[in-house]
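Chemist: Here is my input, please return the structure:
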Amino acid sequence: MKRTQKGEICAFKIYGQEAPFEAVVLNCTSGEGVLRACGPVDCEIQKEYTFIIQAYDCGAGPSGADWKKSHKAVVHIQVDDVNEFSPMFREPLYKASVTEGKIYDSILQVEAWDQDCSPQYSQICNYEIVTAGTPFAIDRNGNIRNTERLSYDKQQSYNIMVTAFDCGQKRAKENVAVHIEVKPVCKPGWQGWNKRVDYEPGTGSKQLFPKMHLETCGGPLSGVKAMVELQTNHIGKGCDRETYSEKSLQKLCGAASGSTDLLPASSPSTNWTVSLVTDSGRDSDLIYHFDGHQAANVPDHVVPQNLTDQFTIATWMKHGPSPGLRAEKETLLCNSDKTEMNRHHYALYVHNCRLVFLLRRDFTQVDTFRPAEFHWKLDQICDKEWHYYVINVEFPAVTLFVDGVTYEPYLVTDDWLIHASKIDTQLTVGACWQGGEVATPRFTQYFHGSLSGLTIRPGRIETQKVISCLQACKEGLDINSLESLAKDIKFHFNPAQSVLVVEGEDLDSINTAMTKISYINSRQFPTAGLRRLHITTTVQCFGEETCLSIPDIKAIVMVLPPSEPRITITGSNQLVRPAADLQGPLGVAPFKELHITSTVIKGDMSSPYSGFHRPGVMEVMHNLDYCDVLVIGEELNPERESLEIHHSALLGKHLDATNSTSGISIYGVDSMAHYEQALRQVHYRYWRPATLSERKFRLTCSELNGRYTSNEFNLEVSVLHHSAPVEHVNHMAAQSQYLRPVHHPLMIHTRNSHMSGAAPPAATVVIVVCITALVVIVVIGIIRIHTTHQEGSREEEEEVKDTEVDWDNATVTITVNPMENIRGPQTIEEEEVKMKEEDEEQPGAVSSADEEGEDEERKEPVERKQKGNLKGKLDSSSVTY
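Modeler: Next up, the predicted model:
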């Protein structure tokens, strides 16, 4: 190998990191060389390289140990970028919302990036809105703004496309979508609620605001208080209550019996309310309006005469403020002297929005002051709303209940006891009767307002449980899933559940609580129509009592009409019974086979086979509140018939019954099955069935005090009398008008007096023989008449039951039994004597006739004995011949 000369450069050597470069000597003498890449370089992977390089001379021997190397030099290489990548957006979709009517400097900012490594190609220098005709602009930083005021009514949202450019003017391959929602001007208030909520009867509770939330426009809050009010003042007496009769409601709630209704529906027996103004309701919904000029005197026989230290007065009342500064007393109920004097024994009246109960006891032994006037001052008395008032008297204590809540009197005044007198008293409703100390007796202290269900019950006071039941509303507000409410939520209802107050500190918790508020109506057949909803809201901010004004909400709940039930009474329409059954100790049960059913028509019952909707009939179970059995035609005569039900048939049921000569009424709120059982125990008796041909009854039943009534089920009870035996008449041999027949009673016995059985064979033979003998006697009689020219008398019998022939070897005797009208022995004896005398006067008479007469006289005592034992019954073994 040729040795190189010293002083020449033969190689370069790189030290340090593994760099993709190599140094190549170009001129050994001058030491010129080149640094080049020995592999691909990528700016995006590594932008620059730094390493050390040394030069070596050519003086090295074969082993290279003699090489000389230069000092170290640091090499820094920077990789230049190429614009190979397009810009890309960091988000696939951008969203923003704006309020209408405002100009924004920046609604939102979009951002793109580039993978190139150099600032020239990696920076985004421009953005552009691709969608044409939009009221938006974008700057080089990606900020989007609106170029005009947006209108929510014009357009609620915009969708635009945006692209980006790097500084090398390379455009993004994919545009980005931007969604901008336009909101109306922010107004604090409840959002997402419906103005009308439909409620279908029988569906339980219905959410009122499932999507409602409170918009506060971003203001910081410290607390929210919302009050939801269900307004039902126009429904019945303040809300949807059971519309059963007063008696049925008291029975249903377990009230003590013996109350007297002082404002019943007008009828012939309760005619003292006929002059009062009423609405179109029935019984418990019957409302009397008093305008200050109307009152009614309750008859003496209706007034409870023995009010003890315990009694109860109850009424529904609707009353407003009295006109004038010094209003007069307005009397609901007053018991005062009928004549001579003007003493008030007990009274209930309103005076200046105070309820006052007056009770002056009769003088006994001690002449002293006793509590006499009890005063209550309550807002309910003059709020023009319906309230249920109950006064429990346990003298000297008197307690007032208003809508089930107890109130003690704020003032009790004493007065002297009333000395006993013989002056009659007058009980008046709507005013007070002044019968004494005036020239003309008149009403005074008239009441202005409305009353309903005014009752008085002597000897007993009502429990709070019963009072709450009698006035309970069947509709109201409710909260679903109480356990799911947040811990900071507080809520409370009023007693009627018509007002609900919800309080909380967290807005989300309040929103969740409001979505759980629901309406519920537990009546099977509620009163249809609208109920108004009113929501008032108070918002508190930090350090301020109120910071936002939240508008009130007014909505309605529409209770849809329930499917009307069709109550159907079925059974046998005719009952035929023997007279003995009607005379029995229990009589007969006319409605033994009675059935009561109820059906409704559902409009959307689809068939899985036909695939179409059609109305369908569905049987439903519900209560009844009365069934009336009315007598059709003449009223019952208590001296010979009765229609009654035993008390034991009503035990274990919420039923009671009253009866009269017009029929029987079973009342009380109970199931159809219990009414069936009770009606099947109604018994009809008739002590003189012989005079009865038929008796007709009509049965009707009701639900909700006549709101739904059944069909009129008519039933006819007939008596099966004794069947008349067949009259045997021989039309071939007519009886001569001159022949006087001789009647002898036939001893006939039957096991069943109401059934006529077939004659046994032996009796049939006897009857045939008798008819033959009758023909022979008629022929002989005709011969006698033509021979002697003597006239006989003819006696016609209208009813002939049976005939018997007493046959012996010497005589032929014809015996006829004309129904129950049997001749006495003396008449028969006279006729036989007369016949014998006629036979003696006839010279040409047959000799057997004389023998016949003698034998007949011998047989008379025996026949009289038989006539005395006549029963009118048939026995085939006792026929004598």
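Chemist: going forward, measure contacts and count neighbours with C-alpha atoms only.
Modeler: Noted.
Chemist: Need the phi and psi values for Glu593.
Modeler: phi -100, psi 30 (degrees, to the nearest 10).
Chemist: Let's see the distance spanning stretch 407-427 from one end to the other.
Modeler: 26 Å (Cα to Cα, to the nearest Å).
Chemist: how about that stretch: buried residues?
Modeler: 409, 412, 417, 425-427 (16 or more other Cα atoms under 10 Å).
Chemist: cool, stretch 300-316 as well?
Modeler: Neighbour-count burial for stretch 300-316 [16+ other Cα under 10 Å]: 303, 310-316.
Chemist: Can you list which of those residues are found in helices?
Modeler: Among those, no residue falls in helices (DSSP state H).
Chemist: and stretch 128-141, C-alpha only, in CSV?
Modeler: Extracted in CSV, the C-alpha atoms of stretch 128-141 (Å, rounded to 0.1, in the frame of the first residue of the first chain):
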residue,chain,number,x,y,z
GLU,A,128,-63.0,32.5,6.3
ILE,A,129,-66.8,31.9,6.6
VAL,A,130,-67.7,29.7,3.7
THR,A,131,-71.5,29.9,4.0
ALA,A,132,-72.8,32.9,2.1
GLY,A,133,-75.5,35.4,3.1
THR,A,134,-75.1,35.0,6.9
PRO,A,135,-75.1,38.0,9.3
PHE,A,136,-71.7,36.9,10.8
ALA,A,137,-68.0,37.8,10.3
ILE,A,138,-64.8,36.2,11.4
ASP,A,139,-61.4,37.7,12.0
ARG,A,140,-57.9,36.2,11.6
ASN,A,141,-57.9,35.0,15.1
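Chemist: doesn't Leu26 fall inside a strand?
Modeler: Yes - per DSSP: H, G, I helix; E, B strand; the rest coil, Leu26 lies within a strand segment.
Chemist: is it true that it touches Glu32?
Modeler: Yes - at 5.4 Å, Leu26 counts as touching Glu32 under the criterion of Cα atoms under 8 Å.
Chemist: Dump the buried residues of stretch 407-427 to a markdown table, plus secondary structure.
Modeler: Formatted as a markdown table, the buried residues of stretch 407-427 follow (three-state DSSP):
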| residue | secondary structure |
| --- | --- |
| Pro409 | coil |
| Val412 | strand |
| Leu417 | coil |
| Thr425 | strand |
| Gln426 | strand |
| Leu427 | strand |
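Chemist: Now do the helices in this protein.
Modeler: Using DSSP H, helices in the chain cover 119-122, 246-253, 464-471, 507-515, 579-583, 672-679, 761-788, 825-841, 847-868.
Chemist: roughly how far is stretch 253-269 from the heart of the chain?
Modeler: 24 Å (Cα atoms, centre = their mean, to the nearest Å).
Chemist: Export it to CSV, keeping only CA atoms.
Modeler: Output in CSV follows, covering the C-alpha atoms of stretch 253-269 (Å, rounded to 0.1, in the frame of the first residue of the first chain):
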residue,chain,number,x,y,z
CYS,A,253,-118.1,8.7,57.9
GLY,A,254,-119.4,6.9,61.0
ALA,A,255,-121.3,9.9,62.3
ALA,A,256,-123.7,9.5,65.2
SER,A,257,-127.3,8.9,64.2
GLY,A,258,-130.1,11.2,65.1
SER,A,259,-129.3,14.4,63.4
THR,A,260,-132.0,16.7,62.2
ASP,A,261,-131.6,18.4,58.8
LEU,A,262,-132.9,21.9,59.1
LEU,A,263,-132.4,22.8,55.4
PRO,A,264,-133.7,19.7,53.5
ALA,A,265,-134.8,19.7,49.9
SER,A,266,-138.4,20.9,49.6
SER,A,267,-141.0,18.1,49.5
PRO,A,268,-144.6,17.6,50.8
SER,A,269,-143.2,16.4,54.1
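Chemist: Contacts for that stretch, please.
Modeler: Residues outside stretch 253-269 that contact it (Cα atoms under 8 Å, 6 or more residues apart in numbering): 250-251, 270, 272-274, 282-283, 286, 298, 302-304, 429, 452-458, 460, 462, 466, 469-470.
Chemist: Can you flag the buried ones in those residues?
Modeler: 250-251, 270, 272-273, 282-283, 286, 298, 303, 429, 452-458, 460, 462, 466, 469-470.
Chemist: Would you reformat the buried residues of stretch 407-427 as TSV and include distance to Gly101?
Modeler: Converted to TSV, the buried residues of stretch 407-427 look like this (distance: Cα to Cα, whole Å):
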residue	distance to Gly101
Pro409	62
Val412	67
Leu417	81
Thr425	80
Gln426	77
Leu427	73
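Chemist: and these as CSV, adding distance to Cys353 and pLDDT?
Modeler: As requested, the buried residues of stretch 407-427 are arranged in CSV below (distance: Cα to Cα, whole Å; pLDDT from 0 to 100):
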residue, distance to Cys353, pLDDT
Pro409, 14, 93
Val412, 16, 90
Leu417, 27, 71
Thr425, 28, 87
Gln426, 26, 90
Leu427, 23, 92
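Chemist: Next, find the distance separating Glu84 from Ala172.
Modeler: 12 Å.
Chemist: what bridges to Val501?
Modeler: Met227, His492 (DSSP bridges).
Chemist: I'd guessed it sits against Met227; true?
Modeler: Yes - look at Val501 against Met227 with Cα under 8 Å: they come within range, at 4.4 Å.
Chemist: related to what we said a few turns ago, strands - which of the buried residues of stretch 300-316 land there?
Modeler: 310-316 (DSSP state E).
Chemist: Return the member of the residues you listed nearest to Thr537.
Modeler: Trp316 (32.6 Å; Cα to Cα).
Chemist: hang on, isn't that closest one packed against Leu451?
Modeler: Yes - with contact defined as Cα under 8 Å, Trp316 counts as touching Leu451 (5.5 Å).
Chemist: Point to the residue nearest the middle of the protein.
Modeler: Gln524 (2.0 Å; Cα atoms, centre = their mean).
Chemist: on that earlier part again, of the helices of the chain, which shows the lowest average pLDDT?
Modeler: Here the helices of the chain differ in mean pLDDT, and the lowest is helix 847-868 at a mean of 39.
Chemist: And stretch 314-323, what's buried?
Modeler: For stretch 314-323, using 16+ other Cα under 10 Å, the buried residues are 314-319, 322.
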